[in-house]
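Undergrad: Predicted model and sequence below, questions to follow.
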Amino acid sequence: MNERVGSALLSLASSWLGGAFDSLSLVVDREIAVRPSNPTQLAAQELEQLHAKFQLAVVVPVREQATSGTACIFMSLKDATVLADLLIEGAGAPADTLSEERKTVLQSALEQMTVAAEAGLKNALNGAFILESPRLVDLAGGKEKVTDLVGSTDVVGVEFALSCDTVLDTAVLFVMSLGIVQQLADKVPSPAQEPRLGDATAAATAQPVAASAQAEPALKVSGMDNINLILDVELSVVARLGQVEMPISDILALGPGSIIEVGRSIEEPVDLLVNDKLIARGEVVVVDERFGLRLTEIVSPSERVKSLG
């Protein structure tokens with residue numbers, strides 16, 4: 001792997017995980033830091049041994065104009081259980097297994113992280129990146145081959161140190177097909193170019209990285225430092241007074257003057273939804289002859305995650 005491809009991979013991986021873990025930091029209300037080592041090309045023997053270190057893989061199809069491929073983020077089962085516990089407002093306690101309930105919570109969080117990662121890639125690397133829904137894959141027993149997940153036997157990767165307070169001090173591995181990174185290398189800003197956004201992107205693109213060099217930390221993306229990557233993402237905001245189910249016959253019978261009971265008393269707060277996800281509750285007010293919503297409650301991180309399902 002030459003210097004240009006190594007630099008492109010580092011920029012891609014850093015922008016991707018930077019946006020994703022900034023989003024997760026907001027949800028769990030804890031600072032999560034990620035720091036990459038140098039990118040490297042993984043030999044066949046290393047690919048076969050990944051199952052021993054990482055028991056789970058997050059598989060995300062990625063498209064950029066005419067280029068398409070797959071990125072995989074490998075993590076240990078223990079780390080996945082810690083993240084799942086944080087998502088339900090736990091203390092970050094590890095577990096031996098990932099229950100179906102916590103797997104659902106983690107999958108929902110991964111969806112949200114992927115949206116943030118897509119925004120991070122578009123803003124930091126100025127590309128029309130589209131990330132499809134992530135798939136959580138259990139690697140136990142070696143039923144899923146890494147080469148099948150990535151779609152190639154020529155695989156390159158970057159390992160990221162991952163830390164969160166005292167509950168996480170570990171590593172995750174970001175990998176892509178060498179061919180895909182080579183196709184994207186010319187579209188990723190070169191190390192000599194001025195970075196577009198944020199210190200995180202500057203650090204990711206400021207130093208050329210050789211695949212043969214000794215692995216050294218090149219970037220730290222922590223907590224809120226990289227939040228500007230997703231600030232311009234547009235979301236729909238809806239104040240929901242109530243909801244009701246009606247048969248089609250009753251709907252067809254509606255006319256001027258009809259009254260619909262929405263199943264909520266006047267004392268109950270109004271829901272505030274962002275992209276159809278419950279975020280807060282409040283009371284209706286009038287401001288300059290316009291309706292408004294005074295927020296009285298922000299839902300907890302665990303409720304927000306549950307609403308993603």
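TA: Structure received.
Undergrad: quick one, helices of the stretch 151-300 of the chain?
TA: Secondary structure of the stretch 151-300 of the chain (DSSP state H, counting those that start in this stretch): helices located at 178-185, 198-206, 248-252.
Undergrad: Any idea which of these has the lowest pLDDT on average?
TA: Among these, helix 198-206 carries the lowest mean pLDDT, a mean of 37.
Undergrad: Count the residues that sit near residue 115.
TA: Neighbour count of residue 115, defined by other CB atoms under 10 Å: 19. For every residue, glycine as well, the C-beta is placed using N, CA and C.
Undergrad: Okay, domains of the chain per the record?
TA: With domains defined by automatic domain parsing, the chain comprises 3-229, 237-306.
Undergrad: ranking those domains by burial, who's on top?
TA: Highest mean neighbour count of the domains of the chain: domain 3-229, a mean of 19 (counted as mean count of other CB atoms under 10 Å).
Undergrad: show me what contacts residue 32?
TA: Residues in contact with residue 32, defined by CB atoms under 8 Å, 6 or more residues apart in numbering, are 21-22, 24-25, 162-164, 168, 222-223.
Undergrad: next one: residue 159
TA: Contacts of residue 159 (CB under 8 Å, 6+ apart): 36-37, 171-174, 215.
Undergrad: and if we set it to 7 Å?
TA: 37, 171, 173 (CB atoms under 7 Å, 6 or more residues apart in numbering).
Undergrad: same deal with residue 91?
TA: residue 85.
Undergrad: Tell me the spacing between it and residue 277.
TA: Distance of residue 91 to residue 277, computed by CB to CB, to the nearest Å: 25 Å.
Undergrad: immediately after the helix or strand harbouring residue 114, which helix or strand?
TA: For residue 114, the enclosing helix or strand under DSSP states H and E is helix 100-125. Toward the C-terminus, helix 100-125 is succeeded by strand 129-131 as the next helix or strand (DSSP H and E).
Undergrad: Give me the phi and psi for residue 19.
TA: Main-chain dihedrals, residue 19, degrees, to the nearest 10: phi -60, psi -40.
Undergrad: Spatially nearest residue to it, not counting backbone neighbours?
TA: Nearest residue to residue 19, sequence neighbours excluded (CB to CB, 6 or more residues apart in numbering): residue 120, at 2.5 Å.
Undergrad: can you tell me how far the one you found sits from residue 11?
TA: For residue 120, the distance to residue 11 - CB to CB - is 11 Å.
Undergrad: farthest pair in the contacts of residue 32?
TA: 22 and 168 (15.4 Å; CB to CB).
Undergrad: Contact partners for residue 79?
TA: 168, 170.
Undergrad: Which element, helix or strand, includes it?
TA: helix 77-87.
Undergrad: Tell me the pLDDT of the residue sitting nearest the centre point of the chain.
TA: In the chain, the C-alpha nearest the mean C-alpha coordinate belongs to residue 113, at 1.5 Å (CA atoms, centre = their mean). With respect to pLDDT, residue 113 has a value of 90.
Undergrad: ok, and the closest non-adjacent residue to it?
TA: Nearest to residue 113 is residue 20, by CB to CB, 6+ apart, at 4.0 Å.
Undergrad: what about the one you found, distance to residue 264?
TA: 36 Å.
Undergrad: coming back round to it: in CSV: the contacts of residue 32, plus distance to residue 243 and pLDDT.
TA: CSV is the format used below for those (distance: CB to CB, whole Å; pLDDT from 0 to 100):
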residue, distance to residue 243, pLDDT
21, 34, 90
22, 33, 87
24, 30, 88
25, 32, 87
162, 40, 93
163, 42, 92
164, 37, 91
168, 39, 92
222, 40, 42
223, 36, 42
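Undergrad: mind showing which ranges of the stretch 51-200 of the chain have poor pLDDT?
TA: Across the stretch 51-200 of the chain, the ranges flagged by pLDDT under 70 are 127, 141-142, 189-200.
Undergrad: From the geometric centre of the protein, which residue sits farthest away?
TA: residue 257 (46.6 Å).
Undergrad: show me the contacts for it.
TA: Under the contact definition (CB under 7 Å, 6+ apart), no residues are listed for residue 257.
Undergrad: Can you verify the residue nearest to residue 113 is assigned to a helix?
TA: Yes. Assessed by DSSP: H, G, I helix; E, B strand; the rest coil, residue 20 belongs to a helix.
Undergrad: Restricting to C-alpha, output stretch 120-138 in PDB.
TA: Taking C-alpha atoms only, stretch 120-138 is exported to PDB below (Å, rounded to 0.1, in the frame of the first residue of the first chain):
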ATOM      1  CA  GLY A 120     -18.900  13.600   8.500                       C
ATOM      2  CA  LEU A 121     -17.600  12.100   5.300                       C
ATOM      3  CA  LYS A 122     -19.500  14.500   3.100                       C
ATOM      4  CA  ASN A 123     -18.400  17.600   5.000                       C
ATOM      5  CA  ALA A 124     -14.800  16.600   5.800                       C
ATOM      6  CA  LEU A 125     -13.900  15.000   2.400                       C
ATOM      7  CA  ASN A 126     -16.200  16.900   0.100                       C
ATOM      8  CA  GLY A 127     -17.600  13.700  -1.400                       C
ATOM      9  CA  ALA A 128     -21.100  12.500  -2.200                       C
ATOM     10  CA  PHE A 129     -20.800   9.500   0.200                       C
ATOM     11  CA  ILE A 130     -23.900   7.400   0.800                       C
ATOM     12  CA  LEU A 131     -23.800   4.900   3.700                       C
ATOM     13  CA  GLU A 132     -26.500   2.300   3.800                       C
ATOM     14  CA  SER A 133     -28.000   0.700   6.900                       C
ATOM     15  CA  PRO A 134     -25.400  -1.100   9.000                       C
ATOM     16  CA  ARG A 135     -25.600  -4.800   9.700                       C
ATOM     17  CA  LEU A 136     -24.300  -6.300  13.000                       C
ATOM     18  CA  VAL A 137     -22.600  -9.600  12.300                       C
ATOM     19  CA  ASP A 138     -21.700 -12.300  14.900                       C
END
